[in-house]
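Enquirer: please find the sequence and the predicted model below.
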Amino acid sequence: MFQKGISEYEEMGSSQRLKLLNFLCDETLSTTVLRDCLANPESVERKKEAKEKLNAAKANEQKLYQKLEDEFSKAQAENNGVELAIKQRLAIVSQMEAESELVFAGMQNATSPVELDDNGLTLWKLKSYNKEPNILLQDLGSWSDVCPHERWFAFSPEQKPQVEKYIACKKKERLIKNWKGNTALES
C-alpha cells in the first residue's frame, strides 16, 4: 500500500486517512494480545482504582476551592466588610498551599496533564517502572495550526526541581487569577 513511504500517506485525503485508522484499529482489536490485555481482571481493577482516585481528588479540589472562598469571606468579615489587601489575600493563599499540594498530587496521573499552556505546551508527570516520576513536555505547536505536529521531550533529573517550581508557580498564578475573577463577578 505504501510503496512510496510516508509521502504516500501525506498525499491521502482525510477520508482515506480515517478509513486507514479505522482499519488499523479493527485489526489491532482483533488480536488476542490486546483482547487479553483489555479483559485482564488486573487491568480492569487498576482502571477502577484510578477512576475512584480521580473522583476523590476532584471532590477534594472542590472542597479546597470552597474552603478558600470561606477563608476570604471570613477574613473580609473580620475586616468589617472592607476588601482585603493583597498581602492578606496572599497570606491566605500561601496558608492553604500545603493542602492544595495534596489535592493536586492526587489528581496528577496520566488522565490529566499537570500544566497546560496557551502555546500548545502540556506538561505530564508520569510514574515509571521504578516509581520515579518522570516529567514530559508535549509540544502540539500553536492552537492555530491546522495540522499540529506533536513532539515529546523528557526532562533530565537535574531539570526536575526547576520544572516543579514552574508548575507550582503556574498553579498559584491560576488560583489567584480565579479568585480575582470570582471577586470581580461578585462586585
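Expert: Sure thing, it's come through.

Enquirer: contacts only, for residue 178.
Expert: residue 65 (Cβ atoms under 8 Å, 6 or more residues apart in numbering). In this view, the C-beta of every residue, glycine as well, is placed from N, C-alpha and C.

Enquirer: lowest-pLDDT helix or strand in this structure?
Expert: Taking mean pLDDT, DSSP states H and E as the measure, the chain has helix 97-107 as its least confident helix or strand, at a mean of 64.

Enquirer: helices or strands up against the helix or strand following that helix?
Expert: Note on helix 97-107: by DSSP states H and E, the next helix or strand toward the C-terminus is strand 115-116. Helices and strands touching strand 115-116, by 3 or more Cβ pairs under 8 Å, 6 or more residues apart in numbering; DSSP states H and E, are strand 121-127, helix 160-186.

Enquirer: ranking those by burial, who's on top?
Expert: strand 121-127 (a mean of 16; mean count of other Cβ atoms under 10 Å).

Enquirer: how far does that one sit from its chain's centre?
Expert: Centre-to-centre, strand 121-127 and its host chain are 7 Å apart (Cα atoms, centre = their mean, to the nearest Å).

Enquirer: which strands and helices sit next to that strand?
Expert: With contacts defined as 3+ Cβ pairs under 8 Å, 6+ apart, the packing partners of strand 121-127 are strand 115-116, strand 133-139.

Enquirer: and those strands, which one's lowest on average pLDDT?
Expert: Sorting those by mean pLDDT places strand 115-116 lowest, at a mean of 74.

Enquirer: low-confidence ranges, this structure, go.
Expert: Within the chain, the stretches falling below the threshold (pLDDT under 70) are 1-4, 37-38, 43, 98-112, 118, 127-133, 141-149, 181-187.

Enquirer: by how many degrees do the longest helix along it and helix 160-186 diverge?
Expert: Taking DSSP state H as the criterion, the chain has its longest helix at helix 41-78. Angle between the axes of helix 41-78 and helix 160-186 is 50 degrees (criterion: axes from the mean of the first three to the mean of the last three Cα atoms, to 10 degrees).

Enquirer: list the buried residues for helix 41-78?
Expert: For helix 41-78, a neighbour-count test (16 or more other Cβ atoms under 10 Å) marks 57, 60, 64, 65, 68, 72, 76 as buried.

Enquirer: now the residues you listed in TSV, with distance to residue 11?
Expert: Formatted as TSV, those follow (distance: Cβ to Cβ, whole Å):
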residue	distance to residue 11
57	45
60	50
64	51
65	50
68	54
72	58
76	63
